[in-house]
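>>> coordinates only, no sequence provided:
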């Protein structure tokens, strides 16, 4: 229907005494039904057996539209049922039906409502550029047409520890450093939305921490507790390093490891990796020339606190592409903000890449093509972790119904697999539920990093299947890689 230029043929016979519904009327009724489904499913999960079996079957099924109209929407649209007061209150629906005559009873053209979906914790994020590319929308139009210039609750992740609300602020990730005042205003809008939804702890994700002085610029006003989530993010990254080594059939002690980007996240990753895993044979730390002093101080820390005794190489990255000795590494880890600093075609056969960069440090399409054609590299994003407990999604799409199908498709980038969740998002509920993993503003300490890693392991988390954007690497092709390049 949505693809048919705003027009639709009647999916079932319409009684002559009632006017045929127009396109917006149908979308209005569909939207109400989707709201009802969310709450009926939540009710059934909380108290199994309470719903009449036919209703349980109906809300749990994915009906084709004509069948859905016959079974549900027809009654909602024409019969004018009296929705129970409890449901009206729960959904905060107003003016669902207009009394314009007994025979003409039907939904009004405009419907105002919002769902009162409370959350236990929240993660706020900018609008990802990859998300906009999937929607094929410029940032300005998404902010204006979809977000209405406000911070919005885009999604809810139902986890075994509670609900996490994903709140998007009205600014694109690549514009976050352009106007500091605008960035801080947008971030505060996100915190206000999180507080309104009931979140007790809020994680700052993506580049929001670095753009807000690692959260310090948002402190002071009453509201939810803040965390940068960097300790959980670093723990998730180290889990993904373990995962890709296992998939490759290799041991880190035999690797020539290069780490690009030694900012807050990169330093945290390196510290935790040398604390929790065996040490690589070679360690190359790569940064911009202006930050070589930081690397020299970090070198002292590595030798003194982490006991690193392998070969250590400090590399200044002076060009748009990393130098040859970085491309020659067997294991590349990236937490840089420089796009495409790694040339996929220059990587050695057997190379492994774990990337937490935004944007990516390599071209994902080129990497996927080389993996599929030659099966001589493995790569993955580092953001997701998995557990045996599935993560259910509740989409709270308050905005223009016409974008729903596109937004739902693009959401796959933020939740790539049903059994996974992004570490930065999960940090909010983890900190809320456990006292031994405190909220962190600023740079996480070595003790805090280790505590977050230990707690996640105790909860049964591990690195996710190898993936990049919305593509999961094929297990059979990974097996072919392992047979050639495994230890």
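Yep, it's here. Source: prediction; values computed, not measured.
>>> and the helix or strand in which residue 258 is found, what does it pack against?
With elements taken from DSSP states H and E, the one containing residue 258 is strand 256-260. Using 3 or more CB pairs under 8 Å, 6 or more residues apart in numbering; DSSP states H and E as the contact test, the elements touching strand 256-260 are helix 264-276, strand 282-287, strand 331-334. In short, each C-beta sits where N, CA and C put it, glycine included.
>>> reformat the ones you listed as TSV; add mean pLDDT.
What follows is the helices and strands packed on strand 256-260, written out as TSV (pLDDT from 0 to 100):
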stretch	mean pLDDT
helix 264-276	94
strand 282-287	94
strand 331-334	97
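>>> as JSON lines, these with mean neighbour count and distance to residue 385 would be great.
JSON lines is the format used below for those (neighbours: other CB atoms under 10 Å; distance: least, CB to CB, whole Å):
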{"stretch": "helix 264-276", "mean neighbour count": "23", "distance to residue 385": "14"}
{"stretch": "strand 282-287", "mean neighbour count": "22", "distance to residue 385": "24"}
{"stretch": "strand 331-334", "mean neighbour count": "27", "distance to residue 385": "16"}
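>>> residue 478 is nearest to which of these?
Comparing the helices and strands packed on strand 256-260 against residue 478 with CB to CB, the closest turns out to be strand 331-334 (15.8 Å).
>>> so in that sheet, which strands flank that closest one, and in what orientation?
Strand pairing for strand 331-334, using DSSP bridges, gives strand 256-260 (parallel), strand 351-355 (parallel).
>>> out of these, the one nearest residue 169 is which?
Proximity of the strands paired with strand 331-334 to residue 169 was assessed by CB to CB; the nearest stretch is strand 351-355, lying at 24.0 Å.
>>> on that earlier part again, for the strand holding residue 258, buried residues please.
When neighbours are counted by 16 or more other CB atoms under 10 Å, the buried residues of strand 256-260 are found to be 256, 257, 258, 259, 260.
>>> again with stretch 471-487
By neighbour count with 16+ other CB under 10 Å, stretch 471-487 contains the buried residues 473, 478, 481, 482, 485.
>>> name the surrounding residues that touch that stretch.
By CB atoms under 8 Å, 6 or more residues apart in numbering, the residues outside stretch 471-487 that reach it are 247-251, 254, 349-350, 364, 368, 371-372, 375-380, 416-417, 465-467.
>>> hmm, 6 Å instead?
Outside stretch 471-487, the residues that touch it by CB atoms under 6 Å, 6 or more residues apart in numbering are 247, 248, 249, 250, 251, 350, 375, 378, 465, 466.
>>> quick check: the second one vs residue 330, distance?
To tie it back to what came earlier, the one meant is residue 248. Here the criterion is CB to CB, to the nearest Å. By it, residue 248 lies 10 Å from residue 330.
>>> which pLDDT value goes with residue 347?
With respect to pLDDT, residue 347 has a value of 97.
>>> wouldn't residue 203 be in contact with residue 430 here?
No: using CB atoms under 6 Å, residue 203 and residue 430 do not qualify as a contacting pair, with a distance of 9.0 Å.
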